[in-house]
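[1] sequence first, then the predicted structure, then my questions.
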Amino acid sequence: MKKVLLIFMLFTMILLTGCSTETNDEDSDKNPTDVKDPSDPVDDDPIVDTGGATDLLVGVMLNEVYNGDGLAYSLTIDAAGFYSIKSIGDIDLEGTLSDLSGGFVSYNDNISDTNDDFEMIIYLDSGTYLLGVSAIDDSVTFGLFSIIVESTSIEHVSMISVNGMIADSIFPGSTNTVEFDVPSDGDVQLYTVSTVDTHGIVYNSNGTVVAENDNGDNGNDFYIDTFLESGTYTIEISVNGDFDYADYELFYDHSGASLITYEPISVDSVVTGSFDTFGDAVLYFELTVTETVTVNIYTISDNDFDGYIFASKTAFAPIDYNIDISEDNWNFMIDNLTLEPGTYYLEVDVYVSQWNSYYYELHVDTVE
């Protein structure tokens with residue numbers, strides 16, 4: 001991307017400067033009264049002339065030959081809306097879109113981790129834009145490719161394969177949407193590697209949020225680790241902060257089987273256990289309910305327990321939860337909860353103090 005931006009800077013300087021010899025000759029014949037008054041206001045946001053850039057027309061494919069140098073294109077958008085700008089060819093190209101003041105608009109390298117063509121799907125206001133195109137590999141000196149710009153109703157959507165990675169760019173206020181398939185029920189990990197603050201939201205095929213994270217254990221990048229049933233999902237990526245744009249890498253890992261073990265528990269039963277060491281821990285339980293019942297679910301321990309009950313393994317929002325019974329009792333109690341027949345899933349987040357007993361009890365009691 002640095003190469004593309006450098007080409008743009010050089011291209012802009014050439015367009016703004018023009019031919020210095022001709023300019024000096026013309027200036028020498030000017031009447032002194034024609035010289036601009038230094039006190040007049042100066043345009044701090046000069047508009048770049050598009051002369052020398054190849055015109056791109058919406059809906060018309062342009063066939064090109066790459067000869068090792070960066071290429072520049074002028075694109076005029078008559079009607080505001082979503083547009084797809086993509087390359088088709090046998091070389092790995094990157095594309096950078098800017099406005100006429102030189103401001104960054106969008107960038108893309110690969111459509112996916114298996115497709116080296118670039119594609120930007122972005123909302124554009126009416127106006128003229130500049131597109132810079134360059135090969136990722138500096139050693140590439142020849143290749144055939146095409147560029148096409150099309151109107152579309154779809155926002156920036158790309159694909160990522162199982163255990164794959166895609167690189168992309170994003171700017172504040174925009175979102176990138178990535179679609180992915182989960183071939184079998186199991187744990188998935190979705191996370192970014194970047195230098196900015198990323199935020200990720202996972203939706204199922206019905207548009208329901210099933211997972212979300214802002215800052216994971218890897219700093220300001222989001223890290224989502226959750227159980228998903230087989231199917232097609234999308235993750236929506238956004239960023240927080242004040243900057244022009246940012247590059248990031250999105251990783252998708254799928255183990256093919258759940259790494260979470262749910263311990264069975266039933267109504268009017270008690271589960272006991274102890275921890276091997278102090279620190280954070282998470283316990284998972286599968287609660288089977290055979291008839292409509294009202295229950296209290298709670299822990300007895302010297303440590304800090306938070307409890308959440310879900311209708312399914314993939315549910316994002318709990319049916320009910322509790323953090324602390326009181327200021328002096330850090331156990332949780334989900335009380336007077338009425339459950340219909342079915343299977344429910346308990347997640348219990350624990351902090352074990354090194355000064356307290358490691359023993360705990362989990363109760364599911366019928367409310368009489």
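    Here it is on my side, so go on.
[2] E229 and I309, how far apart?
    Between E229 and I309 the computed distance is 19 Å (Cβ to Cβ, to the nearest Å). (C-beta placed from N, C-alpha, C; glycine too.)
[3] who's more crowded, those two?
    Comparing E229 with I309 by other Cβ atoms under 10 Å, the one with more neighbours is I309, at 22 against 14.
[4] which helices and strands sit right next to the host helix or strand of the more buried one?
    Taking DSSP states H and E as the definition, one finds I309 inside strand 304-310. Where contact means 3 or more Cβ pairs under 8 Å, 6 or more residues apart in numbering; DSSP states H and E, strand 304-310 is packed against strand 293-301, strand 320-322, strand 333-339, strand 342-352.
[5] let's see that with 7 Å instead.
    The helices and strands touching strand 304-310, judged by 3 or more Cβ pairs under 7 Å, 6 or more residues apart in numbering; DSSP states H and E, are strand 293-301, strand 320-322, strand 342-352.
[6] mind putting the ones you listed into TSV with mean neighbour count, distance to G216 and mean pLDDT?
    Formatted as TSV, the helices and strands packed on strand 304-310 follow (neighbours: other Cβ atoms under 10 Å; distance: least, Cβ to Cβ, whole Å; pLDDT from 0 to 100):
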stretch	mean neighbour count	distance to G216	mean pLDDT
strand 293-301	19	27	97
strand 320-322	16	21	95
strand 342-352	18	16	93
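[7] nearest to N206, out of the ones you listed?
    Of all the helices and strands packed on strand 304-310, strand 342-352 sits nearest to N206, with 19.5 Å by Cβ to Cβ.
[8] in its sheet, what does the closest one sit against?
    Strands adjacent to strand 342-352 in the sheet, as given by DSSP bridges, are strand 279-289 (antiparallel), strand 304-310 (antiparallel).
[9] how far does it sit from its chain's centre?
    How far strand 342-352 lies from its chain's middle: 29 Å, per Cα atoms, centre = their mean, to the nearest Å.
[10] which other residues reach it?
    262, 275, 278-289, 303-313, 358 (Cβ atoms under 7 Å, 6 or more residues apart in numbering).
[11] partner strands of the helix or strand just after that strand, with direction?
    As assigned by DSSP H and E, the chain's next helix or strand after strand 342-352 is strand 359-366. Strands that pair with strand 359-366, judged by DSSP bridges, come out as strand 269-274 (antiparallel), strand 293-301 (antiparallel).
[12] I'd like the average pLDDT over the first one.
    Mean per-residue pLDDT for strand 269-274: 95.
[13] give the bridge partners for I237, please.
    Beta bridges link I237 to N176, G200, judged by DSSP bridges.
[14] just checking, it touches T198?
    Yes. Using Cβ atoms under 7 Å, I237 makes contact with T198 at a distance of 6.3 Å.
[15] between the strand holding I309 and strand 333-339, how many degrees?
    On the basis of axes from the mean of the first three to the mean of the last three Cα atoms, to 10 degrees, strand 304-310 is oriented at 10 degrees to strand 333-339.
[16] only the buried subset of the contacts of strand 342-352, as a PyMOL command please.
    Only the buried entries of those go into this PyMOL selection, using 16 or more other Cβ atoms under 10 Å:
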select buried, resi 262+275+281+283+285+287+289+303+304+305+306+307+308+309+310+313+358
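[17] who's in contact with the nearest residue to Y248 once chain neighbours are set aside?
    Leaving aside its chain neighbours, Y248 sits nearest to S194 (3.6 Å; criterion: Cβ to Cβ, 6 or more residues apart in numbering). The contact partners of S194, taken as Cβ under 7 Å, 6+ apart, are D221, A246, D247, Y248.
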